[in-house]
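Q: with the input below, show me the fold.
(chains A and B)
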Amino acid sequence: GNSVTQMEGPVTLSEEAFLTINCTYTATGYPSLFWYVQYPGEGLQLLLKATKADDKGSNKGFEATYRKETTSFHLEKGSVQVSDSAVYFCALSDQGTGNQFYFGTGTSLTVIP
Amino acid sequence: GAVVSQHPSWVICKSGTSVKIECRSLDFQATTMFWYRQFPKQSLMLMATSNEGSKATYEQGVEKDKFLINHASLTLSTLTVTSAHPEDSSFYICSAARLNWEPLHFGNGTRLTVT
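A: Sure thing, here's the model as predicted:
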């Protein structure tokens, strides 16, 4: 079946530190992969996506590369800011299952000045 | 970009009353909308898939008589929590996609507190 395994948090970093949040997946078909971000008290916002192997999604300094060989989609940012403090969710969508989305458990990131 | 509006953003109700939450796609038509529930510091739990003009598809363990979903049009889905109890207190989030292969767009969620 389809599932997403995400690095457990919480993660606390100093401003300008390098961020990696690991995400691996299992899928029966050819999924699309996503990272969503949730700020306190809000819904989820799409951060970036990749729809096929070797695609790199990027947005607001965040990047993630769709690695089929390692079934991974790790989120990275070279220099985090306090405003990046949020919960990050890795997700996959498989058209073979009616576009149902599968979410990881979320990783809470706190960036301290 | 695609915008999903959810209302209200928070609601407090007394035990035994019913609460309706609206989810609207503002600039696109959504054949399918999804309702999630999120407990504190946890991931999203899919409750049901709402299809315009037909009955919602509920996930296993979700009481369809308690969580009534109506997808009245291509831009509006409603979730009604009937006879609410304190254990129904949670954060409810709706989402929709314009097309099946596009990312989901989420509403800002509704914080329900049942006293």
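
Q: count the residues that sit near residue 6.
A: Using chain A here. As a burial measure, A:Q6 scores 24 neighbours (other CB atoms under 10 Å in any protein chain shown). Every C-beta, even on glycine, is put in place using the N, C-alpha and C of the backbone.

Q: to clarify, I was referring to chain B.
A: 21.

Q: and it, how far is that from chain A?
A: 7 Å (CB to the nearest CB, to the nearest Å).

Q: hey, what's that residue bridged with?
A: Beta-bridge pairing for B:Q6 (DSSP bridges): B:C23.

Q: I'd guessed it sits against B:N108; true?
A: Yes. Under the criterion of CB atoms under 8 Å, B:Q6 makes contact with B:N108 at 5.6 Å.

Q: list the buried ones in the longest strand belonging to chain A?
A: Determined from DSSP state E, the single longest strand within chain A is strand A:86-94. By 16 or more other CB atoms under 10 Å in any protein chain shown, the buried positions in strand A:86-94 come out as A:86-94.

Q: can you pull the contacts of the nearest residue to A:K60 once chain neighbours are set aside?
A: Spatial nearest neighbour of A:K60, excluding adjacent residues (CB to CB, 6 or more residues apart in numbering or on different chains): A:L47 at 7.2 Å. A:L47 sits next to A:34-37, A:59-60, A:62, A:75, A:88 when contact means CB atoms under 8 Å, 6 or more residues apart in numbering or on different chains.

Q: please name every helix or strand in contact with the lowest-mean-pLDDT helix or strand in chain A.
A: Among the helical and strand segments of chain A, the one scoring lowest on mean pLDDT, DSSP states H and E is strand A:100-103, with a mean of 84. With contacts defined as 3 or more CB pairs under 8 Å, 6 or more residues apart in numbering or on different chains; DSSP states H and E, the packing partners of strand A:100-103 are strand A:3-6, strand A:86-94, strand B:44-51.

Q: ok so A:S83 is a strand residue?
A: No. Judged by DSSP: H, G, I helix; E, B strand; the rest coil, A:S83 forms no part of a strand; its state is helix.

Q: that one: neighbouring residues, count only.
A: By the criterion of other CB under 10 Å, A:S83 has 10 neighbours.

Q: which secondary structure state does the closest residue to it other than its chain neighbours sit in?
A: Spatial nearest neighbour of A:S83, chain neighbours left out: A:V111 (7.8 Å); criterion: CB to CB, 6+ apart. Here A:V111 is strand, with the state taken from three-state DSSP.

Q: likewise for B:S15?
A: Going by three-state DSSP, the secondary structure assigned to B:S15 is coil.

Q: quick one: pLDDT of it?
A: B:S15 carries a pLDDT value of 97.

Q: please tell me how far it sits from B:V114.
A: B:S15 is 6 Å from B:V114, where distance means CB to CB, to the nearest Å.

Q: overlap of the contact sets of the two?
A: Shared contacts of B:S15 and B:V114, counting by CB under 8 Å, 6+ apart, come down to B:84-86.

Q: now, of these, which are buried?
A: Buried by 16+ other CB under 10 Å: B:A84, out of these.

Q: of the shared contacts of B:S15 and B:V114, which belong to helices?
A: In helices, judged by DSSP state H, none of the shared contacts of B:S15 and B:V114 are found.

Q: columns pLDDT and distance to chain A on top of the shared contacts of B:S15 and B:V114, output as JSON lines?
A: Shown next, in JSON lines, are those (pLDDT from 0 to 100; distance: CB to the nearest CB, whole Å):
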{"residue": "B:A84", "pLDDT": "97", "distance to chain A": "21"}
{"residue": "B:H85", "pLDDT": "96", "distance to chain A": "23"}
{"residue": "B:P86", "pLDDT": "96", "distance to chain A": "20"}
